[in-house]
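# Fold the following, please.
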Amino acid sequence: MRGSCLGGALRRISCKTVRKNNGENVVDHSRKADRAGSCSSPAMNPAVPLLEFVNDIIVIVLAINLLILILSPLPAHSQSMPQQHGSSPQTMKWVLSLDTHGDGHPAYRKTGPGFPCVLTAGDMSIEGSPPQQHESSRNNELKYRAKTAGPFRLGYAADSGAGPPPGDDVSEAASNEESFRWEAYRWQFIGIAAIIFIQTLFILILVVNLRKRRAANLALRHAELKYRTVADFTSDWEYWSAPDGVLHYISPSCERITGYSGRRFVDDPALLREIIHPEDREVWDGHERDEHGKAESRGVRFRIQTRDGAVRWIDHACQPVIGEQGEFQGIRSSNRDITEEKRAEEALAAQLRFETLIAQISARFVNLAPDQVDAEIQEALRRICECLGFDRSTVWQVTGGADGPMVMTHIHQPEDGPPVRKPAVESRLSSGERADRMSESRLNLMHMEAQEHFPWLTEQARQGRIVLIPRLEDLPAEASFDKEMLGRWGARSTSVIPFMAGGVAVGAMTFAMMRQERELREELVNRLKLCAQVFANAIARKRAEQKLRESEERLSLAAASANVGLWSLDRCTGRMWATEKTRELLGFAPGEELSFERVLSAVHVEDREKVRRTFDLAMQPGEDARLDYRVVNGEGGVRWIAWRGRSRHNSPGRPNGLMGVSVDITDRKSAELSLQQSEEKFSRAFHGSPVAMSLVSLSDVQYIEINKAHERFTGYARDEVLGRTVGDMRLWLDPQELEAAVEKIRSDGSLRALEARFRTKGGERRMGCLSADLVEFSGQRCILAVIEDVTERKLMQEQLQNRLLEIERLKGQLEQDNIALREEVSLLSPHDDIVARSPAMRQVLLRVEQVAPTDSTVLITGETGTGKELIARAVHNLSARKGRPLVTVNCASLPPTLMESELFGREKGAYTGALSRMAGRFEVADGGTLFLDEVGELPPELQAKMLRVLEEGRFERLGSTKSLHVNVRILAATNRDLAQLVQAGRFRRDLYYRLNVFPIAIPPLRERPEDIPPLVWAFIHQFEKRMGKHVQRVLKRSMDALERHAWPGNVRELRNVIEHAMIVSSGSTLKVFPPMIRAEDSSAEVLNLEESERRHILRVLTLAGWRVAGKGGAAEILGLKPTTLEARMKKLGVRRPRS
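Predicted structure coming up:
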């Protein structure tokens, strides 16, 4: 019974625990349902129900055993009792009286039938059949009932005597009674004990399993809480569904993605399928069928329609939940919003398709025939609209010249797109009528003038401006008419991209959206610009071909009408193409192959060389050749041909042939010769000339005619000259020169600009410029000579030449004197600008003298104001390059954008604003010295180019590919530690090693105080002449203060301090007043160099009223350039305090 009670209690605890857990899940379900999510309870441990079932079986078995033990009767005796009084059995009773007499022995009374027995307190009655014999009484089992109120001892009673059986006492009888009972119930007791032990063992196992179950439930609850926390805060939409489709958990991201709350999905699970895009529901249904009962994870992508109608792409992944026994418990799903990723993929794919389309369009237009341009443009518009989704695209072209109207030449609109809306008319038409008139409307739109409908957009296109109108409201106020027309046409957004050819707009390409507004991206606009340029080139090529064809047609018509022949010559092959008329003029058969040499063989022998030279001259760019020559036909006849030709070029300066016309001028030539023989016309032209002209026979060089100018030039009258030869007149000072001129005229047919000396009749010598040609006069070949009097001009030229020679002589002498003077000054005072009393400065000058004769690169280091530029000038003046310039470049004062052009020069048009070619500092310093001040400020992008100049002496101007070679010595200076800049990666290591060939370190002024007094007096003498003052002494207190000062600005600062003192001092004694200079306190804090410089700059700026540039500014006081001071202020963090 104890085991049964314990088992029942454990079952009640277990049931209570299960009910409690289920109750918690129900509460949790209810609570989570309010948040649109829940989770199913964990699966129970299968061992716990089994243990409870076994425990119940054991309790039932134990209860049955106990019931059998209670209800079973006492066992009967093995032998029956003896009969008395006949056949009736006699029942004997022995009465055991407890110790009522006080002697320690019980009293017995015998009773039987007819003997009533009266029991008193303390008595015990034993009933049973009396044993047959006394000896067998121990083996008889009796069933007894005992009632007692006190202790007693049990014995056996027999019917053979009046007292207890002999030899037995009460204790032995009790022992036999206990043995009797053990023998009778032994196996029941053992079974009960075994059952209790087994049940206790199972109860312990059940308790252990219950504790493990509680721990598992707690861990599961924590895991669920952690998962829900992660799921609640993740951007993905997650949910769990049971096998029956009921949703147990939905993450809060559901409402952000779909617009519906989780409660809606819990109440209506069918909503999950309803929000899926209709086109993707078959994909979802197939996926949903596959995901049930599958142990592996699955995924699918589909679109959903959110509550506000938007479409989103979802990446759905699900994983079945399988129990420990392999049963299907549900599905855990995760949905990620991949709309942006999908859009990016679609945009990339669209861009790739458009790039491919542009490449294909460009390739198709490369060698496109002119008659195919229009069809190809129409096809390209169609493909662009299909690729980019435009509703309409058009092409407009400028016709009739640059100022002509811009008309529509191409239009494309998809068949399924919105129709072209016509104002006021189309709105009254039916849909069928509009469809029938769509193609007709497109034809009507062709050749429509843009200026009439879209004046503002047309003007922008003519000016080459791209117009992007994503919304009609974006149009400016001046485009109100364009906005109205676009609205009538049904356009919601439009874009205009002009065609440019040679910097002039020749047309435009437009794209319009009718269904929705759209804004074009910049990269898309750039590609459309490329497409527009391809169209523009194709249209320009087409127009050029049309013009050429029209020109050829006009030329052929003109040639046929004028009876002239056309021809062309290929310079490379020497072959000629000629029309039938040209072949007829030259005497060649129609099918005969022609070449230049073949045509030249038909030319008259006397004209062949002339024809060859003329052809060579015509090959020159820009030269139009004209020539009249003779050809000899097969019958020996001579025909005059007038040839006009021009060179043909593939690229500027490189002709590849000739083209021209040939005309038969035989009749005209005869008329011209007859006309030339007209003495009257010739006489007017001849005698009216202002220059000396003479007509001399070619055969004997005898004068035939002279004009008045000839008489004035020679002093001989006409009568004195006619009939005499040129040699007889002795006009030429050099007879051989005369003979050579006559021979040249005879051979070449002409003579040009021959300067000769002549002697007049009065013996005066004159200079004349002779030109002569062979002419026909009175049926004979004559020489027409023209002599221009150039005597005065020759005299002036000789005088000018003499003066130029004198100037050159004086210039050379002056240069020699200048060189000698500079050498003399250099010998007298080689370092007159440098004060070097201290040993440190003497060592610097020694190094200067050592390195100056060489061409090695020198790196001068030192603080600002120590005189690095003076040291550089000293190196230059002592070098062999002292006769060439020393060019100085301050790398800190030039902005990085201009430094490259300043150093290396630039070509015209190298960048915006480069209106002319400029030589760089390296070119200017060629043969001399280039001083790079503040070289540490050189931008990194120029350091590599600088290294190349140092190593090879070569560089290229900005905007040029031609390398220039210079011979320049480099002197560099810096106030920064280049080694630290190299370590910091701000200065190239190889450039540092190239510059640091011979370093010269200039010590700061504070390290050489012995140089301060001579420097002070040097500055005093310098300012005395400028200010008109005379200083005889300097106060010792002031000089001591000057020597003790730290001088962060070094010599430059000292010079400015002395200048300030000279300004404010009067008399012959110089006083240096605070706060310009004061002795440093010996107990003052020790500052680093940058802090000292910063404080000093602050003091000077305060003194100058925070004025940097200008007269009396801080830059002038410190002896720095304003740009250098501003750079130092920026580096040291010096800012003007706010007032």
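
# domain parsing for the protein?
Each domain of the chain is listed here as a residue range: 92-131+139-170, 234-337, 345-547, 563-670, 677-789, 829-1001, 1009-1132, per automatic domain parsing.

# Need these in TSV (columns: distance to Leu814).
Backbone N, C-alpha and C define where each C-beta goes, glycine included. Shown next, in TSV, are the domains of the chain (distance: least, CB to CB, whole Å):
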stretch	distance to Leu814
domain 92-131+139-170	165
domain 234-337	88
domain 345-547	52
domain 563-670	44
domain 677-789	34
domain 829-1001	14
domain 1009-1132	28
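
# so which of those gets nearest Ala193?
Nearest to Ala193, of all those, is domain 92-131+139-170, at 24.0 Å by CB to CB.

# Averaged pLDDT, that closest one. What do you get?
Mean pLDDT, domain 92-131+139-170: 43.

# Likewise for stretch 796-810?
85.

# which of the residues in that stretch are buried?
Counting neighbours by 16 or more other CB atoms under 10 Å, one finds that stretch 796-810 has no buried residues.

# mind listing the helices for the stretch 251-400 of the chain?
For the stretch 251-400 of the chain, the helices defined by DSSP state H, counting those that start in this stretch cover 253-258, 262-267, 271-274, 281-291, 339-364, 373-388.

# Can you name the residues in contact with the first one?
Read that as helix 253-258. Here helix 253-258 makes contact (CB atoms under 8 Å, 6 or more residues apart in numbering) with 36, 234-239, 260-262, 265, 275, 304, 306-307, 312, 314, 335, 337.

# how about a cut-off of 6 Å?
Residues external to helix 253-258 that are found in contact with it (CB atoms under 6 Å, 6 or more residues apart in numbering): Ser235, Trp237, Ser261, Gly262, Ile275, Thr306, Asp337.

# Thought Thr306 was touching Ile275, still the case?
No - counting by CB atoms under 6 Å, Ile275 stays clear of Thr306, with 7.4 Å between them.

# In space, what's closest to Thr861 - neighbours in sequence excluded?
Closest residue in space to Thr861, ignoring its immediate chain neighbours: Ala1001 at 5.0 Å, by CB to CB, 6 or more residues apart in numbering.

# Now do the same for that neighbour: its pLDDT.
Here, the pLDDT recorded for Ala1001 equals 93.

# Now do it: how many residues are near it, please.
Applying other CB atoms under 10 Å, we find 13 residues neighbouring Ala1001.

# chain center to whichever strand or helix holds Gly660: distance?
With elements taken from DSSP states H and E, the one containing Gly660 is strand 654-664. Centre-to-centre, strand 654-664 and its host chain are 54 Å apart (CA atoms, centre = their mean, to the nearest Å).

# Each with direction, which strands does that strand pair with?
Each strand that strand 654-664 pairs with, and the sense of that pairing, follows from DSSP bridges: strand 565-570 (antiparallel), strand 638-651 (antiparallel).

# Please identify the most buried of those.
Neighbour counts (mean count of other CB atoms under 10 Å) averaged over each of those peak at strand 565-570, with a mean of 20.

# continuing past that strand, what's the next helix or strand?
Beyond strand 565-570 toward the C-terminal end (DSSP H and E), the next one is strand 575-578.

# pLDDT averaged over that next one - what is it?
Per-residue scores along strand 575-578 average to 82.

# before we move on, back to that, in CSV, list the helices of the stretch 251-400 of the chain along with mean neighbour count, mean pLDDT and distance to Glu1093.
Supplementary listing: the helices of the stretch 251-400 of the chain in CSV, determined by neighbours: other CB atoms under 10 Å; pLDDT from 0 to 100; distance: least, CB to CB, whole Å:
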stretch, mean neighbour count, mean pLDDT, distance to Glu1093
helix 253-258, 20, 82, 60
helix 262-267, 20, 80, 69
helix 271-274, 15, 82, 75
helix 281-291, 14, 75, 75
helix 339-364, 13, 79, 54
helix 373-388, 18, 84, 62
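
# ok, and Cys531, which helix or strand is that part of?
In this structure, Cys531 is located in helix 522-562 according to DSSP H and E.

# chain center to that helix: distance?
On the basis of CA atoms, centre = their mean, helix 522-562 is displaced by 37 Å from the centre of the chain it belongs to.

# same deal with stretch 1101-1120?
Centre-to-centre, stretch 1101-1120 and its host chain are 45 Å apart (CA atoms, centre = their mean).

# first vs last residue of it, how far apart are they?
For stretch 1101-1120, the first and last residues are 13 Å from each other (CA to CA, to the nearest Å).

# Pull the number of nearby residues for Ala740.
For Ala740, the tally of surrounding residues (other CB under 10 Å) stands at 13.

# Helix or strand next in line after the helix or strand where it lies, which one?
For Ala740, the element it lies in under DSSP H and E is helix 735-748. Using DSSP H and E, the helix or strand that directly follows helix 735-748 along the chain is strand 750-759.

# Can you pull out the low-pLDDT segments for the stretch 901-1050 of the chain?
Judged against pLDDT under 70, the low-scoring parts of the stretch 901-1050 of the chain cover residues 909-915.

# swap that for the stretch 301-450 of the chain, sorry
When residues are selected by pLDDT under 70, those of the stretch 301-450 of the chain lie in 415-447.

# what about 90?
Where the stretch 301-450 of the chain drops to pLDDT under 90, the residues are 301-303, 305-312, 314-394, 396-450.

# all strands for it, in order.
Taking DSSP state E, counting those that start in this stretch as the test, the strands found in the stretch 301-450 of the chain are 311-322, 328-337, 392-398, 406-412.

# Wait, Thr579 touches Val564, no?
No - in this structure, Thr579 is not within contact of Val564 by CB under 6 Å, at 8.8 Å.

# secondary structure element for Arg465?
Element membership for Arg465, per DSSP H and E: none, as it lies in no helix or strand.

# how many neighbours does Glu1024 have?
Here the neighbour count serves as a burial measure; for Glu1024 (other CB under 10 Å) it reads 13.

# All good on my end, thank you.
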